[in-house]
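S.K.: Structure, please.
(one chain, ligands or ions: 1)
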Amino acid sequence: MTAINAVTDLTLDGEVAVITLNSPPVNALSAAVRQGLFEGFKAAIADPAAKAIVLICEGRTFIAGADITEFGSAMADPQLADVQDMMESSTKPVVAAIHGTVLGGGLEVALCAHYRVAVPSAKFGLPEVNLGLLPGAGGTQRLPRVVGPERALEMMTSGRHVPAKEALSGGLTDELVEEGKLKEGAIAFARKVAAENRPLTKIRDQNAKVEAARGKPEIFADFRKANARKFRGFLAPEYNIKCIEAAVNLPFDEGMKVERKLFNELMAGSQSAAQRYTFFAERQAQKIPGIADDTPLIPIKKVGVIGAGTMGGGIAMNFANAGIPVVIVEQKQEPLDKGLAIIRKNYERTASRGGITAAQVEERCALITGSLSMEESFADLDLVIEAVFERMDIKKDIFAKLDAICKPGAILATNTSGLNIDEIASVTKRPESVIGLHFFSPANVMKLLEIVRADHTSDSVIATSMKLAKQIGKTAVLVGVCPGFVGNRILGQRQREAQKLVMEGAMPWDIDRVLYDFGFPMGPFAMSDLAGLDIGWVKEKSNGESIRDVLCEADRRGQKTGAGYYDYDENRNAKPSPFTEKVINDFIVKSGANPRKISDEEILERCIFPMINEGVKILEEKKAIRSSDIDVVWQNGYGWPVYRGGPMWYGDQVGPDKVLAKMQEFQAKMGDAFKPSPLLEKLVADGKKFSDL
Ligand code: T1G
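M.R.: All right, here's what the predicted structure looks like:
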């Protein structure tokens with residue numbers, strides 16, 4: 001065995017040279033890895049005893065991509081292209097032995113081998129689009145030549161991880177070898193290829209699939225049309241499509257020039273910077289200062305949920321999806337049956353769209369059982385999550401009961417969206433086991449989980465909750481107890497300004513348009529119509545005191561009644577409503593305000609800057625650990641466009657000094673709702689950025 005460098009070994013197994021990478025955590029293509037590959041292949045190709053070459057990786061995965069931490073700085077030699085050229089022009093067969101997730105540059109390296117073998121658990125992908133990029137090492141030109149342009153379009157614009165079996169049928173891997181026997185399987189395959197003296201075909205020379213698509217522009221036009229909504233605002237999907245068009249219409253080397261040009265444009269742009277920031281921000285959010293990595297975890301084998309309503313049902317589905325049995329308790333049989341029926345319907349709808357199989361529908365429904373008694377069903381559970389009415393008295397009553405029923409050490413969690421969890425914990429004898437697990441509706445869909453640590457919540461309960469979040473596919477952020485925690489507290493700023501702007505002359509559809517064009521899936525008024533204007537509205541007490549009251553009294557309670565702020569046609573297409581406009585103007589006249597034309601810029605700044613200021617206050621009060629956590633909350637819970645990073649990232653792009661100046665200007669004109677937080681003033685005075693918080 002020859003140590004090529006710290007991360008690369010070269011051994012000879014008979015007449016097969018084996019290059020082994022070992023660069024934790026994911027064998028990313030760092031300078032050391034590129035250097036080891038370059039020298040390793042050079043030595044193996046020069047060694048007359050070697051008749052074939054296998055490239056394999058130690059650890060959890062084959063190369064999972066370029067080293068994202070290196071982006072933005074000059075790439076040291078050897079360049080990835082140098083390694084790929086050496087592999088592809090090798091006079092000896094090169095076999096890539098694949099396990100784990102072969103992604104991005106990793107797959108691009110594997111596509112420069114002559115052959116690929118994989119274990120059945122391996123996954124293949126070119127997910128650069130999720131970083132606001134495109135495969136920049138020939139993937140855009142080689143993938144369409146292997147799987148065809150149509151499949152390449154889907155793979156590259158979704159970033160999907162393709163299972164090995166699908167990769168085999170698509171031609172991405174030549175053979176599947178027995179799980180756990182990758183090295184033996186790859187060496188045997190290499191030996192066979194060498195013995196048979198098979199031709200060393202290069203993917204770059206295989207043009208059949210791209211030529212077949214030549215002269216069919218509809219392939220791309222139809223794909224663009226079908227995905228326009230999903231790709232709205234993003235640059236990278238369109239750039240990926242353009243590269244695949246080049247693969248179809250241009251010779252390989254010309255296509256490579258297009259790839260290089262478009263890659264460099266994306267790499268230099270603000271969208272990719274925001275999306276690469278997001279990649280690390282989501283992982284950073286899992287790191288809790290002061291809680292050691294070896295903090296003892298509480299095994300969660302069975303979970304209870306109180307309440308079979310929309311939230312309770314959605315929460316239960318998350319655990320069933322992860323194979324964890326769940327008991328849902330309701331007070332009466334009818335709402336329990338209704339809740340379980342809705343869960344089944346949700347799974348069946350997913351299955352009808354091909355998301356899961358019919359068998360999985362049954363498996364998951366079988367994991368969710370119903371009960372009318374906490375006493376009977378909760379005694380041996382490891383975690384119980386309460387998801388009932390947002391009333392402190394009801395929650396206190398439930399937690400006192402849970403404290404008496406649940407076994408010692410069981411975690412008692414509340415899904416409250418903002419009530420004081422310390423107060424809830426105070427009715428139990430186990431405040432160290434009380435935590436907030438704030439899911440976002442629909443709970444089985446939204447990625448965000450705000451994990452709310454109360455004063456006495458123990459490290460084990462926090463660490464267990466963070467790990468459980470990842471297990472059920474949630475993006476978790478640890479926050480502190482304060483009204484609205486982090487997400488809703490910041491949302492309150494935007495909602496307040498949106499309502500005030502309407503009384504100053506901006507119509508709901510103006511405000512929605514500005515925020516939609518900024519990149520939100522929809523604006524606050526369209527969102528209210530979708531959720532229903534009558535949430536929290538009490539008909540008997542309603543006396544036309546607000547625009548919302550007047551609309552609800554006119555039975556305009558949102559999309560569900562065909563009218564809310566907007567009028568809706570039979571396909572629920574929204575149109576500005578003359579009725580709403582009149583209601584608003586009547587209120588303005590009554591209030592004596594002088595409506596004025598308000599610019600899009602003012603609408604955006606008045607909605608967004610107070611959100612950033614509130615984020616600074618949250619950090620000042622230590623209700624969030626770092627500014628990037630706030631961005632993770634707003635991307636995963638409220639649809640902040642990932643290519644704009646999040647409120648705090650966006651604040652740094654605008655410039656903290658500009659945010660402060662605007663807040664001061666608005667404060668002078670419109671009062672203390674815009675009062676800058678002292679930390680914002682200090683940040684600007686110190687010349688710091690929000691990301692320094
Ligand atoms: N570069 C650097 N570090 C990486 C990394 C990467 N590509 N991928 C993961 N890590 C770190 C991550 O920060 C974390 O570090 C640890 O590995 C475990 O990751 C030229 C330009 C591979 C599916 O987009 O999708 O190739 O927090 O917590 O949930 O065309 O990581 O432990 O210190 O996510 O098991 C393309 C990105 C790059 C793949 C594993 N590749 N990575 O998931 O663990 S661009 C990607 C992932 C490119 C070329 C282009 C996932 C994973 P720490 P993790 P996981």
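
S.K.: Which single residue of the stretch 551-693 of the chain ends up nearest the ligand?
M.R.: In the stretch 551-693 of the chain, no residue comes nearer to the ligand than residue 628, which is 12.9 Å away by CB to the nearest ligand atom. From N, CA and C alone the C-beta is placed, and that goes for glycine too.

S.K.: Can you tell me the element that residue falls in?
M.R.: helix 627-638 (DSSP states H and E).

S.K.: elements contacting that helix?
M.R.: The contact analysis (3 or more CB pairs under 8 Å, 6 or more residues apart in numbering; DSSP states H and E) places helix 627-638 against helix 270-284, strand 448-453, strand 475-480, helix 487-502, helix 600-620, helix 647-654.

S.K.: Tell me which helix or strand comes right after the last one.
M.R.: Tracing the chain past helix 647-654, the next element assigned as helix or strand by DSSP H and E is helix 656-670.

S.K.: now the angle from that next one to helix 600-620?
M.R.: When axes from the mean of the first three to the mean of the last three CA atoms, to 10 degrees is applied, the directions of helix 656-670 and helix 600-620 differ by 110 degrees.

S.K.: Helix 656-670 - what's its average pLDDT?
M.R.: The pLDDT scores in helix 656-670 average 97.

S.K.: Dump whichever helix or strand comes after that helix to PDB, restricted to CA.
M.R.: Once the chain leaves helix 656-670, the next helix or strand it forms, by DSSP H and E, is helix 678-685. What follows is helix 678-685, C-alpha atoms only, in PDB (Å, rounded to 0.1, in the frame of the first residue of the first chain):
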ATOM      1  CA  PRO A 678     -30.100  49.600  20.500                       C
ATOM      2  CA  LEU A 679     -28.100  46.600  19.200                       C
ATOM      3  CA  LEU A 680     -28.900  47.700  15.700                       C
ATOM      4  CA  GLU A 681     -27.500  51.100  16.400                       C
ATOM      5  CA  LYS A 682     -24.400  49.600  18.100                       C
ATOM      6  CA  LEU A 683     -23.900  47.200  15.200                       C
ATOM      7  CA  VAL A 684     -23.800  50.000  12.700                       C
ATOM      8  CA  ALA A 685     -21.600  52.200  15.000                       C
END
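
S.K.: Helix 678-685 - contacts with which helices or strands?
M.R.: Using 3+ CB pairs under 8 Å, 6+ apart: helix 678-685 touches helix 600-620, helix 656-670.

S.K.: so the longest one versus helix 678-685, what angle?
M.R.: In this case it means helix 600-620. Using the same axes, to 10 degrees: helix 600-620 against helix 678-685 is 110 degrees.

S.K.: what comes up buried for helix 600-620?
M.R.: 602-603, 605-619 (16 or more other CB atoms under 10 Å).

S.K.: and if you look at the shortest one?
M.R.: Neighbour-count burial for helix 656-670, counted by 16+ other CB under 10 Å, picks out 656, 659, 660, 662, 663, 666.

S.K.: From the contact counts, what lies against that helix?
M.R.: Packed on helix 656-670, when contacts are counted by 3+ CB pairs under 8 Å, 6+ apart, are helix 600-620, helix 678-685.

S.K.: mind checking how far it is from the chain centre?
M.R.: Offset of helix 656-670 from its chain centre (CA atoms, centre = their mean, to the nearest Å): 32 Å.

S.K.: That helix vs helix 647-654, what angle?
M.R.: Per the same axes, to 10 degrees, the angle that helix 656-670 makes with helix 647-654 is 100 degrees.

S.K.: For helix 656-670, give me every contacting residue.
M.R.: 500, 605-606, 609-610, 612-613, 651, 673-676, 680-681, 683-684, 688-690 (CB atoms under 8 Å, 6 or more residues apart in numbering).

S.K.: In the stretch 351-500 of the chain, what residue spans correspond to strands?
M.R.: Taking DSSP state E, counting those that start in this stretch to define them, one finds strands in the stretch 351-500 of the chain at 368-371, 383-386, 411-414, 434-439, 448-453, 475-480.

S.K.: Could you export the last one as PDB, CA atoms only?
M.R.: What it means is strand 475-480. The C-alpha trace of strand 475-480 is given here as PDB (Å, rounded to 0.1, in the frame of the first residue of the first chain):
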ATOM      1  CA  THR A 475     -35.500  21.500  10.000                       C
ATOM      2  CA  ALA A 476     -35.200  22.400  13.700                       C
ATOM      3  CA  VAL A 477     -34.200  25.700  15.200                       C
ATOM      4  CA  LEU A 478     -33.800  26.100  19.000                       C
ATOM      5  CA  VAL A 479     -35.600  29.300  20.200                       C
ATOM      6  CA  GLY A 480     -36.400  30.900  23.600                       C
END
